[in-house]
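Participant: Based on what follows, work out the 3D shape:
(chains A, B and C)
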Amino acid sequence: MNTEAVQVDERAGINLKPSSRQSEPYSIQAPVESGKTVGDITVPDPIFSCRNVDVYYGEKHAIKKVGIDIAKNQVLAMIGPSGCGKSTFLRCLNRMNDTIPSARVEGSIMLDGKDIHDKKQDVVQLRARVGMVFQKPNPFPKSIYENVAYGPRIHGLAGDRVELDEIVHGSLQRAGLWEEVKDRLDHPGTSLSGGQQQRLCIARTIAVNPEVILMDEPCSALDPIATARIEDLMEELRQSYAIAIVTHSMQQAARVSQRTAYFHLGDLIEVGETDRIFTNPRHKLTEDYITGRFG
Amino acid sequence: MTPAALLVALALLSVGAFWIGKSRSLAIVGGTRGVRNLHSLPSHYGFMTALWCALPALAVILVWLVFQDAIILRLVTDHLPAGVRDLPANELSLVLNDVRNLVAGNVGRDAVSEAARGAADEYVRLRGISRMSLTVLTLVMVVCTALFVRSRITPELRARNRVEKVVEWMLIGCSTIAVFTTIGIVASVAFEAFRFFSMVSPIEFLFGTNWSPQTAIRADQVGSSGSFGAVPLFAGTLLISLIAMVIAVPIGLFSAIYLAEYANPRFRTYAKPLIEVLAGVPTVVYGFFAALTIGPALRGWGESFGISVASESALAAGLVMGIMIIPFVSSLADDMISAVPQSLRDGAYALGATRSETIKQVVIRAALPGIVGGVLLAVSRAIGETMIVVMAAGLAANLTANPFEAVTTVTVQIVTLLVGDQEFDSPKTLAAFALGLVLFLVTLALNVLALHIVRKYREQYE
Amino acid sequence: MNSTSKPLKTAKETQAIVAATLSRRYWAERRFRAYGLAAVIAGLAFLVYLFFTIFSNGMGAFRQTQVRLPIYYDAALIDPAGTRKPDDLNAADYAAVIRNSFKLKFPEVEGRAATRELSRLVSGSASFDLQRAVVENPALIGTTVDTWLLASDAVDLLEKGHIERTLAEAERPLTDQQLVWLDKLDAENAVALKFNTVFLTHGDSREPEKAGIWGAVVGSFYTLLLTLLLSFPIGVATAVYLEEFARRNRWTDLIEVNINNLAAVPSIVFGLLGLAVYIGFFGLPRSAPLVGALVLTLLTLPTIIIASRAALKSVPPSIREAALGMGASKIQTVAHHVLPLAMPGMLTGTIIGMARALGESAPLLMIGMVAFIVDIPKGITDASTVLPVQVFLWSDSPERGFMEKTSGAIIVLLAFLVVMNTTAVILRKRFERRW
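Facilitator: Just a heads-up that it's a prediction; the model follows:
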């Protein structure tokens, strides 16, 4: 394993031109033993505990024997090059892969000690506990108020209109959107700017009181100012929720997360404290990725 | 030559002209090796010669044929015996009709009067002269242009550009046919409708509640003078369309939802085309089905429940029309539902919504404008549908909202008023055009509105 | 950012509420899904019921009762003068030949009235068949030949079980005496259901047993052929212009709006246009396939144009750029590269448009293609009718026998439609190309 990496490194040193580096993605072909993750995948008192998770899309083996814990009141960042399976893994956690007919998930994913694939586990209940924010803001074609009220309505969380108003108000406030929209709650959600739409989606998610929030590249469609606001928001939300975020941006991972997991071609290569991963990566692939040799 | 033979001859001559042009162009540059010295390909010179020959000749033939009949008839009329010529206009037109029929061979010589026979012979003689002169004129024109174009061919002649310009103009010409069709519809229908409104007041037509279009044929005839209050027709049309929509919208919408969101791909591959077969069945088949199967069946059921159902009830026609429109609604709704981005569904699922909650509150909500547009198009379909109501709804112009009674519709009345022999100046016939105008305007408004909504909706997710 | 406010409920409380309402929500889910399935099944059930009704009513039209009778070609009746000239043979009274043959078969029948009643077992048109046989083969005269004659409508209905024998005599078209004769013939196997060639080869008739659809099929053929010849070039040219040449401006927008609207204008309005313009203004003949085709052309043009434009759109721009880059002119690019690639899609759209035109009847009623026409049309200006209008005409006929013919004609019409649509589907499957 190690010799292979060294050998690769030498070749990388020879090929200085960026174009030739791209044409020979040396590291990506490096053999990796699935399920052998560098670093400590466990945490004390985890909310999620995943072991030996495999995902197949038809014939394609998208996730290979991934095992990792997600801690409460912490942000876990998942990084890695495109197509490495980090989004796929994230979608396993609230069983969003169920909506893709060809997808098949194996292994154990325990939420609070109970397998989410257990027959007794209801997917609706699961998703009420594990909320998700998507890459592209996807507000419903309804008013701002109705967007936030949607979750409480379908789950019957509000006894009356007053309580619903309070939930909407509270959620928008915690998403940092209240001041901006309080005078136009009846405007369509799509009338907001991209960053506001994404915060609306976050408000929509926290209105259901989840325990975990999954974020799939939530800032990739946003400008830097909107991104900064979402990142601040994540820091606030971490006080109440466990957050798992997939991101393309290593800087973002470094800014917002306490733990970082590096994925590569369906394998979980390395997990560790964010500071440690970015200053002292142990695996060659991780190092090559965070130092920008590929990706 | 008959016009058909002349057209064939013209086609052959154009092929000849093509070869003249092509060989001339090759000849002036000294054979195939000199083609590089030509501005365009030899075939372009050929096409140019052929087009220059055929198009003017074609125009002459068309104009000639359009006016030939009218001019000959005028001459024949002048040639008629004085006694016949002085007949009132409508009787004279009967004689001329005989002449036409005799010439066309639709009636035997014994069936018409002496005067008509003489006129027919005169007609045939004049037509012979006319055709002969047209033939000569066309052929001379073609040959002259071919020779003229041939003499003008030089290596510098931009034959390709000229041919392509003509082709482009022909394409433009074809594309204007749609516009001319609309103008034709509006002009012809509106013209006849205005003649109707000069006899019957538009107020009476639009707001009158009594419809009995049987008018006296002769001025001295006793009896019905005809009344043209079209409200019962409008009401009947709306009643039947409403019944059709009550059937088609829920069934169409729910099957679209099921096929788009629930059905497994195998079921969908078979069920979707099968449902669309319903749209391919000719309306006359539905009409027959409604009149012979559904109508009597409904009456039978009505009797067993003690309800009196007319055998040509609005319910039977509306029910079958609804069946016909199901695939229309379902395929449009399917399109609209498929256009809703997956991200919206994901958003709802991620909040823990069940599938039906997602569909009802997010997908349908998002697709609503498109679905409304589709339903409006379906309404326009139902209003304009003819055969089902002609065969299954009655002629009785009842003003009622009871679906078990017989009602009549705008389209039924148009067909009834216009099928069979008719003259173009009785209010009875012209009323059909007035109804046609209303039908056209209403469906046009619905279509424009619906297409606008649907397009706006499509743009939103593109 | 004021985010200190805490949730009203804890996650645990929320989960308890969710769990409590879950069964009700899943029940709603199942109900909603059942509605959807029910709707699909309702649609399919209508389809099955429609086809079942048509086929169970119509299959009988393809079979017809015939009666075998030893026909004595009596020279005294057919050609008393012995000239054997076709004119004389044509002029003979062949109904009398049939009556005579019946009398020989049933010698016990006495009197003119009874003989007529007897000879009404066969169709009045049977005499024409004998006439044709004799004119073709005068050697028949003087011989006796066992011949299958077309049974009358009433006998046909009885044999197919549409008339109950148990009805009172006055309520059925056959008398008791006729039933006795028929049973006697039946006992000799002289009554049989045979394949109905008349239905497929003859024109319309007032008598159900002599009515056929061939006239309507030929009328439909001429009308559709002409429609195709007119609408395909015009439709493709329009699509090519709009898709490849036209710049977007008000004029092309107008054309587009027009095309989309015409696609949704009720077909009967096109009939009004045809009546007012083609017949009223240009004086073209009523009831002719020519006028029918002109009307149907306008009706199908939008379908063809829309399909052709979609086909042109699906050709990737890179192909056009490649050809233009080689120095081809715009027209050459379209003619050599784009059109051939788009052709399968255009043909598919055209076939679908033609199928629609074949089933269309309302506008043709307006231009008089609804007349009763016995002769098979020989050209595009002959008075004729088309298949769907024939269906309409027969469905209106009071005779019980025509109901079966109507369904039979519908089956033929549907068969043509199935062939056309299948061709379109195959064409699409064959040439479907993903870029």
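Participant: Up against chain C, what does chain A have?
Facilitator: Applying CB under 8 Å from any CB of the partner chain, we find that chain A lies next to chain C at A:122, A:124-125, A:128-129, A:154-157, A:163, A:166-167, A:170, A:173-176, A:178, A:206, A:208-211, A:229, A:232-233, A:236-237, A:240. (Each C-beta comes from the backbone N, C-alpha and C, glycine too.)
Participant: out of the residues you listed, which are buried?
Facilitator: When neighbours are counted using 16 or more other CB atoms under 10 Å in any protein chain shown, the residues of chain A next to chain C contain these buried positions: A:122, A:124-125, A:128-129, A:154-155, A:157, A:167, A:170, A:173-176, A:178, A:206, A:208-211, A:229, A:233, A:237, A:240.
Participant: The residues you listed in helices, which ones?
Facilitator: A:124-125, A:128-129, A:154-155, A:167, A:170, A:173-174, A:178, A:206, A:229, A:233, A:237 (DSSP state H).
Participant: Excluding chain neighbours, give the residue nearest to the residue most central in space within chain A in space.
Facilitator: In chain A, the residue lying closest to the centroid (CA atoms, centre = their mean) is residue A:245, at 2.8 Å. Among residues not flanking residue A:245 along the chain, residue A:215 sits closest, at 4.2 Å (CB to CB, 6 or more residues apart in numbering or on different chains).
Participant: Quick check: that neighbour touching residue A:242?
Facilitator: No. The criterion here is CB atoms under 8 Å, and residue A:215 misses it with residue A:242 at 11.4 Å.
Participant: who's more crowded, these two?
Facilitator: Comparing residue A:215 with residue A:242 by other CB atoms under 10 Å in any protein chain shown, the one with more neighbours is residue A:215, at 28 against 22.
Participant: The more buried one and residue A:231, how far apart?
Facilitator: 11 Å (CB to CB, to the nearest Å).
Participant: picking up where we left off before, the residue nearest to the centre of chain A: helix or strand, and which one exactly?
Facilitator: Here residue A:245, judged by DSSP states H and E, is contained in strand A:242-246.
Participant: buried residues in the following helix or strand past that strand?
Facilitator: Downstream of strand A:242-246, the first helix or strand assigned by DSSP H and E is helix A:250-256. By neighbour count on 16+ other CB under 10 Å, the buried set for helix A:250-256 is A:250, A:252-256.
Participant: Residues in contact with helix A:250-256: which ones?
Facilitator: Residues from elsewhere that reach helix A:250-256 (CB atoms under 8 Å, 6 or more residues apart in numbering or on different chains): A:75, A:77, A:79, A:219, A:227, A:231, A:234-235, A:245, A:247, A:260, A:274, A:278, A:289-290.
Participant: And the buried ones among these, selectable in PyMOL?
Facilitator: Here is the PyMOL command that selects the buried residues among the contacts of helix A:250-256 (16+ other CB under 10 Å):
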select buried, chain A and resi 75+77+79+219+227+231+234+245+247+260+274+278+289+290
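Participant: mind listing which of the contacts of helix A:250-256 are in strands?
Facilitator: If you go by DSSP state E, these have A:75, A:77, A:79, A:245, A:260 in strands.
Participant: Quick check: which element contains the residue of the stretch 151-300 of chain C at minimum distance from chain A?
Facilitator: Across the stretch 151-300 of chain C, the shortest distance to chain A (CB to the nearest CB) belongs to residue C:260, at 25.3 Å. Assigned by DSSP H and E, residue C:260 belongs to helix C:250-262.
Participant: Fine by me, we can end here.
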